[in-house]
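Participant: Fold the following for me, if possible:
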Amino acid sequence: MSEHKIIFTGPVGAGKTTAISVLSDIVPITTDELASDMTKDLKQQTTVAMDYGLMRINGSERVHLYGTPGQERFNFMWEVLTQGGLGLVLLIDNSRKEPFQDLYFFLDAFKSFIHTTAISIGITRMDEKSHPEIDDYHREISAMGWPVLPIMEVDAREKEDMSMLVQSLLYTIDPTIAE
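Facilitator: Next up, the predicted model:
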């Protein structure tokens, strides 16, 4: 049996916990606690350590899904969770005031991990705020000196969207991967 590990990260409220729950073939494990800081303005509970789920693929492969806390004050968990990871799924909430600032922050925070693995980027909540558009994200990534990265609009509640995002990550890692 083959085992893999994918990390989900992004700011608070971007959809990491939701994405893992829709992809997981088991009841996900969460470490949500009542939000006690400015996060409580966004949602009642927030991840403080990690989220965990498991995807079974073709009966012989298992993909472990780990979600990081979105708050910088829990960044000590980021390095712990990325150990042994195959790649990173970055979720950015387009409805936030400065989504590009979130993009810059998380690309920088996970730069070492990304450079040794791979990344795919999902932009959530574009139905709530349609600007910036996907092309704008591509321009920002290019201006930062990054190579072309898979970036797509996703709804973290939709299994098909999240599956496509994970598939884009796996394809980036190994273009010969069959669906």
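Participant: okay, CA-based contacts and neighbour counts for the rest of this
Facilitator: OK.
Participant: Do a quick rundown of the helices in this protein.
Facilitator: With helices called from DSSP state H, the chain shows them at 16-23, 76-82, 99-109, 111-116, 134-143, 159-173.
Participant: now those as a markdown table including mean pLDDT?
Facilitator: Below are the helices of the chain laid out as a markdown table (pLDDT from 0 to 100):
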| stretch | mean pLDDT |
| --- | --- |
| helix 16-23 | 95 |
| helix 76-82 | 79 |
| helix 99-109 | 96 |
| helix 111-116 | 95 |
| helix 134-143 | 96 |
| helix 159-173 | 93 |
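Participant: Just tell me which of the ones you listed ends up closest to Arg62.
Facilitator: The closest of those to Arg62 is helix 16-23. By C-alpha to C-alpha, the value is 12.0 Å.
Participant: Can you name every helix or strand that the closest one contacts?
Facilitator: With contacts defined as 3 or more C-alpha pairs under 8 Å, 6 or more residues apart in numbering; DSSP states H and E, helix 16-23 has these neighbours: strand 45-57, strand 61-67, helix 159-173.
Participant: Rebuild these as a markdown table, extending it with mean neighbour count and distance to Ile29.
Facilitator: A markdown table is the format used below for the helices and strands packed on helix 16-23 (neighbours: other C-alpha atoms under 10 Å; distance: least, C-alpha to C-alpha, whole Å):
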| stretch | mean neighbour count | distance to Ile29 |
| --- | --- | --- |
| strand 45-57 | 20 | 5 |
| strand 61-67 | 21 | 10 |
| helix 159-173 | 19 | 18 |
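Participant: Would you reformat these as TSV and include distance to Trp146?
Facilitator: As requested, the helices and strands packed on helix 16-23 are exported to TSV (distance: least, C-alpha to C-alpha, whole Å):
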stretch	distance to Trp146
strand 45-57	27
strand 61-67	23
helix 159-173	14
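Participant: So which of these is nearest Asp108?
Facilitator: strand 61-67 (17.6 Å).
Participant: Of all the helices and strands packed on helix 16-23, which one comes closest to Ile121?
Facilitator: Per C-alpha to C-alpha, nearest to Ile121 of those: helix 159-173, 7.4 Å.
Participant: List the contacts of that closest one.
Facilitator: 19, 22-23, 87-89, 117-122, 150, 152, 154-156, 177, 179 (C-alpha atoms under 8 Å, 6 or more residues apart in numbering).
Participant: In PyMOL, how would I select just the buried ones from those residues?
Facilitator: Only the buried entries of the contacts of helix 159-173 go into this PyMOL selection, using 16 or more other C-alpha atoms under 10 Å:
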select buried, resi 19+22+23+87+88+89+117+118+119+120+121+122+150+152+154+155+156
